[in-house]
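# Next one to model:
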Amino acid sequence: MDYPLLNTFLTIMWVFLWILWFMLLFRVFGDIFRDDSLSGWGKAGWSVFCVVLPFLGCFVYLIARGKGMGEREMRRARRNEQEFQAYVREAAGTGGGTPTPTGHVEELSKLAGLHDHGDITDAEYEQAKEKVLAG
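Predicted structure coming up:
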């Protein structure tokens, strides 16, 4: 088999460019359908433009709406991060909702620390402990 090194390099380059092209195409279509500010007709128009004339359609979309793509992605990432953090706080029992057994343990350990340091009296400690356990 006679396949020169330059041809191998060019083949690898073309495969890389095709992969890059499909990634760009999927990214554009994903942004078209995730954008809530774009109407149904706008989504249909951009989709037809990108299907009928894919290279021109994608490049025009990037020029016209490219900056907004990044902003929408950042908003989506922030919202996902906030939802994740809220879920973690809720699962850990520190979300401010109903007290959990873990929350009782934390409260009792804080009360014990205050009592050990002499910040509260024995009577105050017992009263606060009853209030936490009654919960």
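# Out of the helices and strands in this structure, which is least certain?
Of all helical and strand segments in the chain, the minimum by mean pLDDT, DSSP states H and E falls on helix 101-117, at a mean of 80.
# buried ones in that one?
103, 107, 111, 115 (16 or more other C-beta atoms under 10 Å). Every C-beta, even on glycine, is put in place using the N, C-alpha and C of the backbone.
# tally of neighbours for residue 66?
By other C-beta atoms under 10 Å, the residues close to residue 66 number 12.
# all helices of this structure, in order?
Under the criterion DSSP state H, helices of the chain are mapped to 5-34, 40-52, 54-92, 101-117, 122-134.
# quick one: which of those has the weakest pLDDT on average?
The stretch with the lowest mean pLDDT among the helices of the chain is helix 101-117, at a mean of 80.
# Kindly report the domain assignment for this structure.
According to automatic domain parsing, the chain is divided into the following domains: 1-96, 98-135.
# roughly how far apart are the closest residue to residue 51 other than its chain neighbours and residue 107?
Nearest residue to residue 51 in three dimensions, chain neighbours excluded: residue 57, at 7.4 Å (C-beta to C-beta, 6 or more residues apart in numbering). Between residue 57 and residue 107 the computed distance is 60 Å (C-beta to C-beta, to the nearest Å).
# got it, and residue 62?
Taking C-beta to C-beta as the measure, residue 62 and residue 107 are separated by 55 Å.
# Residue 78 too?
32 Å.
# and what of residue 8?
Counting by C-beta to C-beta, the gap from residue 8 to residue 107 is 68 Å.
# Check residue 120 too.
Taken as C-beta to C-beta, the span from residue 120 to residue 107 is 13 Å.
# And residue 76, by the same measure?
37 Å.
# ok, now residue 91?
Going from residue 91 to residue 107 by C-beta to C-beta gives 18 Å.
# is it true that residue 104 touches residue 129?
No: applying C-beta atoms under 8 Å, one finds residue 104 not in contact with residue 129, separated by 10.1 Å.
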